[in-house]
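Engineer: Structure of the sequence below:
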Amino acid sequence: MVPASRSTRDIEVTAESLQADLSRLELQRRALERELAAVLAHLDTVQRALGALKVVMASPAAAPASEAAPATAPRTTGGAARRRVPGPARAATRPRAGTERTYGRLTEQILEYFAEVGDADVRARDVAVALGRATDSGSINAVRSTLDRLVGTSRVRRSGRGLYRAA
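Structural biologist: The predicted model follows:
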């Protein structure tokens, strides 16, 4: 027969093990929820881009790229040369009548993302993926720079090394 103190200790060890498993699984669940949110955001972005391309392709006014207006000469602003985007490509980023402009709103997109994720720690890469941006270092650094500016204005807070959280 097993002594009562040993079986009590076995139960305590099992309970501690289950508690550790519960904590680990809860962290994994949150990470998977963030990843799913990122995938859904990317899916939405791809669907919208595909829809816009279908509209452009169906439009009889869509001209081949070779017929597009030539780029204007570089202009200087404050000593730095900037290249203007050719007319048709620039027009593609303009909102259509009755639609909201989504390009160039990285700060607002990041703030909307933090409103959705609530009180969770996220990395710049997670934010970039959730926003459907490329995961190359340049894109992630753009998100990181924006996050750092938001930290400076107390709209987002830094919760650890490389981690950000809604303010």
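Engineer: can you give me the strands for the protein?
Structural biologist: With strands called from DSSP state E, the chain shows them at 75-77, 80-82, 156-160, 163-166.
Engineer: Worst mean pLDDT among these?
Structural biologist: In terms of mean pLDDT, the lowest-scoring of these is strand 80-82 (a mean of 41).
Engineer: And the helices in the chain?
Structural biologist: Secondary structure of the chain by DSSP state H: the helices cover 4-58, 87-93, 106-117, 124-130, 137-152.
Engineer: highest average neighbour count across those?
Structural biologist: helix 124-130 (a mean of 22; mean count of other CB atoms under 10 Å). Quick note: C-beta positions are derived from backbone N, CA and C, even for glycine.
Engineer: Give me the mean pLDDT for that helix.
Structural biologist: 92.
Engineer: can you list the weak-confidence ranges in this structure?
Structural biologist: 1-4, 61-104 (pLDDT under 70).
Engineer: follow-up on the earlier one: how about the helices of the chain, which one is nearest residue 164?
Structural biologist: helix 137-152 (5.2 Å; CB to CB).
Engineer: and the closest residue to residue 139 other than its chain neighbours, how far is that from residue 8?
Structural biologist: Nearest-residue entry for residue 139: residue 133, 4.8 Å, with adjacent residues in sequence omitted and distances by CB to CB, 6 or more residues apart in numbering. For residue 133, the distance to residue 8 (CB to CB, to the nearest Å) stands at 54 Å.
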